[in-house]
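Engineer: One predicted model, sequence on top.
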Amino acid sequence: MKRKTKMVHGGITGDKVTGAVSVPIYQVSTYKQEAAGKHSGYEYSRTGNPTRYALETVIADLENGTAGFAFGSGMSAISAVMMLLNAGDHIIMTDDVYGGTYRLMTKVLNRYNIEHTFVDTSNPDKVKEAIQPNTKALYIETPTNPLLKITDIQAMSNIAKENNLLLIVDNTFATPYWQQPLDLGADIIVHSATKYIGGHSDVVAGLVVVKTESLAEDLHFVQNSVGGVLGPQDSWLLMRGIKTLALRMEAIEKNTHDIVQFLKEHPKVGTIYYPGLPNHKGHHIAKQQASGFGGMISFDVGSAAAADKVLEGTSFFTLAESLGAVESLISVPAKMTHASIPKERRNELGIVDGLIRVSVGIEDSEDLIEDLKQALNKI
């Protein structure tokens, strides 16, 4: 199946018993058994739920993986993957990761003696230099949040295989419509499904897809043991979102291209971060490993005061956390999504106080451009 068709017909579709076109919401906690220990495949909804399983099969199909797993949030999904590690293990991570991921590693998992090193994974040599005898995994975001740095997935796969490491890829920004990391050598994919996969700002969820049966067994054990599973109603919302993912991503990318062209010409806008720009570091790699550049743009307006003026002036760009929805969103990472990262560290990475991040929606691009124009003119 082609990608658009797979998003509608992939995984489990409909209900064989009733003929319902949409997978039903199985709002149930437990299941009747024929005899003690003899059941029809479901015994308790923490272990497995038909609605959640339908979602897990479709995301596995979309990412060309062996199995999928649905969690109550993106951070719950990432935490479950990290639980595949043991105390004393070391993991190398992209330096420009989402603030919540940074917080998890530096404030929570460090308590359990899981070591980490943040490096610029767009530079393979730096990744090789960071490998230690106890390194077990390599975790990358590409594109990153919020500077949209690009890491060569194939190059990271080569390094991982040479050193017997797991390669974990956060594919939230690219989505399975634009990028398939497992096909490029990754072992595990994570998504904040709250974002593009859900796409309507109405669900919080996380998804994981694994490449092998062995990883599927290990992660299911963690999922069932820890229990941070996604509920059936939210699972159904994600399946509904997936059916229009291709159409939304195409519309969003077209709008994003138009907005970037406008920003390039505006005198109040400094550096623009967008993988679709030929001068964006890693543009050629993004072009090779993904079929689209996505709907995220970050740009510098020079100061926190200038950024505040822009935020106050927009009407169609909603000031809010999150991204990837049908409506356009705007934020200042230093004060919002990445506020948990110390200021010194933010400045090192380039997440300055005047950096604005926009998540482009599906509105008319002319309206979005006019909205940004009048807001920027207030600086």
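Structural biologist: Everything's here; your move.
Engineer: Select the longest helix from this protein.
Structural biologist: helix 245-265 (DSSP state H).
Engineer: now that one, how far from the centre of its chain.
Structural biologist: Helix 245-265 sits 19 Å away from the centroid of its parent chain (CA atoms, centre = their mean, to the nearest Å).
Engineer: Which parts of the stretch 51-200 of the chain are helices?
Structural biologist: Here the stretch 51-200 of the chain has its helices, by DSSP state H, counting those that start in this stretch, at 74-82, 99-103, 124-130, 153-162, 175-178.
Engineer: what's the most buried one of those?
Structural biologist: helix 175-178 (a mean of 26; mean count of other CB atoms under 10 Å). The way it works is simple: take the backbone N, C-alpha and C, and place the C-beta from them, glycine included.
Engineer: and the gap between L277 and S122?
Structural biologist: Here the criterion is CB to CB, to the nearest Å. By it, L277 lies 15 Å from S122.
Engineer: Same check on L368?
Structural biologist: In this view, L368 and S122 are 29 Å apart by CB to CB.
Engineer: now do R103
Structural biologist: 22 Å.
Engineer: Return the set of buried residues in the least confident helix or strand in the chain by mean pLDDT.
Structural biologist: Least confident helix or strand, the chain: helix 343-349 with a mean of 87, by mean pLDDT, DSSP states H and E. Under the neighbour-count criterion of 16 or more other CB atoms under 10 Å, helix 343-349 has R346, L349 buried.
Engineer: Repeat that for stretch 292-308.
Structural biologist: Buried-residue list, stretch 292-308, by 16+ other CB under 10 Å: 292-301, 306-308.
Engineer: Give the next helix or strand downstream of the least confident helix or strand of the chain.
Structural biologist: strand 355-359 (DSSP states H and E).
Engineer: Quick one: mean pLDDT for the longest strand along the chain?
Structural biologist: Using DSSP state E, we find that the single longest strand of the chain is strand 135-141. Here strand 135-141 scores 98 as its mean pLDDT.
Engineer: And it, what does it pack against?
Structural biologist: Applying 3 or more CB pairs under 8 Å, 6 or more residues apart in numbering; DSSP states H and E, one finds that strand 135-141 makes contact with strand 90-94, helix 153-162, strand 166-170.
Engineer: picking that back up, closest to A339 among the buried residues of stretch 292-308?
Structural biologist: A307 (13.6 Å; CB to CB).
Engineer: The closest one against V358, yeah?
Structural biologist: No. Using CB atoms under 8 Å, A307 is not in contact with V358, being 11.6 Å away.
Engineer: send the alpha carbons of stretch 283-291 over as PDB?
Structural biologist: Taking only C-alpha atoms (Å, rounded to 0.1, in the frame of the first residue of the first chain), the coordinates of stretch 283-291 have been written out as PDB:
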ATOM      1  CA  HIS A 283      19.400  20.400   4.600                       C
ATOM      2  CA  HIS A 284      20.900  17.900   2.200                       C
ATOM      3  CA  ILE A 285      20.600  15.100   4.800                       C
ATOM      4  CA  ALA A 286      17.000  16.000   5.500                       C
ATOM      5  CA  LYS A 287      16.300  15.900   1.800                       C
ATOM      6  CA  GLN A 288      17.800  12.400   1.500                       C
ATOM      7  CA  GLN A 289      16.300  10.700   4.600                       C
ATOM      8  CA  ALA A 290      12.800  12.400   4.600                       C
ATOM      9  CA  SER A 291      10.300  13.100   1.900                       C
END
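Engineer: quick one: average confidence on it?
Structural biologist: 98.
Engineer: and that stretch, how far from the chain's centre?
Structural biologist: On the basis of CA atoms, centre = their mean, stretch 283-291 sits 17 Å off its chain's mean C-alpha point.
Engineer: again, but for stretch 302-321
Structural biologist: 24 Å.
Engineer: A130 contacts I92, doesn't it?
Structural biologist: Yes. A130 is in contact with I92 according to CB under 8 Å; the separation is 4.9 Å.
Engineer: joint contacts of these two?
Structural biologist: T117, V119 (CB atoms under 8 Å, 6 or more residues apart in numbering).
Engineer: L277 and S122: who's more crowded?
Structural biologist: S122 (22 against 18; other CB atoms under 10 Å).
Engineer: Give the pairing partners of the longest strand of the chain; include direction for each.
Structural biologist: strand 90-94 (parallel), strand 166-170 (parallel) (DSSP bridges).
Engineer: List the buried residues of the last one.
Structural biologist: Using 16+ other CB under 10 Å as the test for burial, strand 166-170 gives L166, L167, I168, V169, D170.
Engineer: just the first one next, same as before
Structural biologist: Neighbour-count burial for strand 90-94 flags H90, I91, I92, M93, T94 (criterion: 16+ other CB under 10 Å).
Engineer: what sits against the second one?
Structural biologist: In this structure, I91 makes contact with M82, L85, M105, I114, E115, H116, T117, T135, K136, A137, L138, Y139, judged by CB under 8 Å, 6+ apart.
Engineer: Spatially nearest residue to it, not counting backbone neighbours?
Structural biologist: The shortest distance from I91 to any non-neighbouring residue, by CB to CB, 6 or more residues apart in numbering, is to A137 (4.6 Å).
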